[in-house]
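S.K.: just coords:
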């Protein structure tokens, strides 16, 4: 029996809404134009202050503001167990993979972490961690202004994971799973070609890593459990590599 419990059941009950008779309409008093004038004056003053501050900081302030507005944040939540040494990490990795988990090994300040799986929502990761003794959620993230690439990469990762979960639960067939995976690969090929033209070597390497992993999934596996393990290993590796590359 697998030591990894990946079952996730969410039942959300919506409270019944009480039907109320709407109150009779009241005439709205005419709004004064003064608040609008005050708003524009405040915006103007803010612009003047920002410009003056930027002059004294030699353009640094506006550049920082621009970067903050243009960058997207990406965060991944790894369900991991911590081990003290390399040999123990490899031994634990084999056990996790046999149970259908990722088994991907990450290194950190506290030692080695063996990944069970990776999620895009903290709540999902915490649910899985609570079902597996000795595991906890390890969050990693980064910011990037390459929105199109990383948005596409994130969507593809989540799509492949969702499809593999459906395969595990029996709500999707293997042909449906591979069809979804192919669509994700085609999307990655598209953004990879654009990254090549723009000389974005980090993004190109990430795309090639993911595409090669998807091709490996399509070679056929002895068991469905090993296929699911390989999917989780691939997603863990791509997520970890993306975070490390953008440190």
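M.R.: The structure has been received and is ready for your questions. Predicted, not measured: the structure shown is a model, and the values here were computed from it.
S.K.: going forward, measure contacts between C-alpha atoms and count neighbours the same way
M.R.: OK.
S.K.: what is the end-to-end distance of stretch 116-133?
M.R.: In stretch 116-133, first residue to last residue: 12 Å (Cα to Cα, to the nearest Å).
S.K.: chain center to it: distance?
M.R.: Taking Cα atoms, centre = their mean, to the nearest Å, the mean C-alpha location of stretch 116-133 is offset from the chain mean by 13 Å.
S.K.: buried stuff in it?
M.R.: 116-120, 122, 124-129, 132 (16 or more other Cα atoms under 10 Å).
S.K.: what sits up against stretch 85-101?
M.R.: 1-4, 83, 102-105, 111-117, 225-226, 228-229, 232-233 (Cα atoms under 8 Å, 6 or more residues apart in numbering).
S.K.: mind doing that once more with 10 Å?
M.R.: Residues outside stretch 85-101 that contact it (Cα atoms under 10 Å, 6 or more residues apart in numbering): 1-6, 81-83, 102-107, 111-118, 168, 224-233.
S.K.: which of those residues count as buried?
M.R.: For those, a neighbour count by 16+ other Cα under 10 Å gives the buried set as 4-6, 81-83, 102-106, 112-118, 168, 225-233.
S.K.: where does the residue most central in space within the chain fall, phi/psi-wise?
M.R.: Ranked by distance to the mean C-alpha position of the chain (Cα atoms, centre = their mean), the top residue is residue 120 at 4.1 Å. Per-residue torsions, residue 120: phi -110, psi -10 (degrees, to the nearest 10).
S.K.: next SSE downstream of the longest strand along the chain?
M.R.: Identified as the longest strand of the chain according to DSSP state E is strand 72-83. Per DSSP states H and E, the first helix or strand lying C-terminal to strand 72-83 is helix 86-98.
S.K.: where does this protein dip in pLDDT?
M.R.: 1-71, 220-222 (pLDDT under 70).
S.K.: and the helices in it?
M.R.: Using DSSP state H, the helices found in the chain span residues 34-56, 60-70, 86-98, 122-130, 147-169, 174-197, 201-217, 224-245.
S.K.: want to throw the ones you listed into TSV with distance to residue 140?
M.R.: Output for the helices of the chain, formatted as TSV (distance: least, Cα to Cα, whole Å):
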stretch	distance to residue 140
helix 34-56	33
helix 60-70	19
helix 86-98	20
helix 122-130	11
helix 147-169	14
helix 174-197	22
helix 201-217	16
helix 224-245	7
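S.K.: surely residue 209 meets residue 238?
M.R.: Yes. In this structure, residue 209 is within contact of residue 238 by Cα atoms under 10 Å, at 7.2 Å.
S.K.: comparing these two, which residue is more hemmed in?
M.R.: The residue with more neighbours, out of residue 209 and residue 238, is residue 238; 19 against 15, by other Cα atoms under 10 Å.
S.K.: does that one touch residue 158 like I think?
M.R.: No. Shown here, residue 238 and residue 158 do not form a contact pair, counting by Cα under 10 Å, at 11.6 Å.
S.K.: shared neighbours, these two?
M.R.: The overlap between the contact sets of residue 238 and residue 158 (Cα under 10 Å, 6+ apart) is empty.
S.K.: burial count for the closest residue to residue 75 other than its chain neighbours?
M.R.: Nearest non-adjacent residue to residue 75, counting by Cα to Cα, 6 or more residues apart in numbering: residue 141, 4.0 Å away. For residue 141, the count of nearby residues is 16 (other Cα under 10 Å).
S.K.: quick one: contacts for residue 141?
M.R.: Contacts of residue 141 by Cα under 10 Å, 6+ apart are 73-77, 239-240, 242-244, 246-247.
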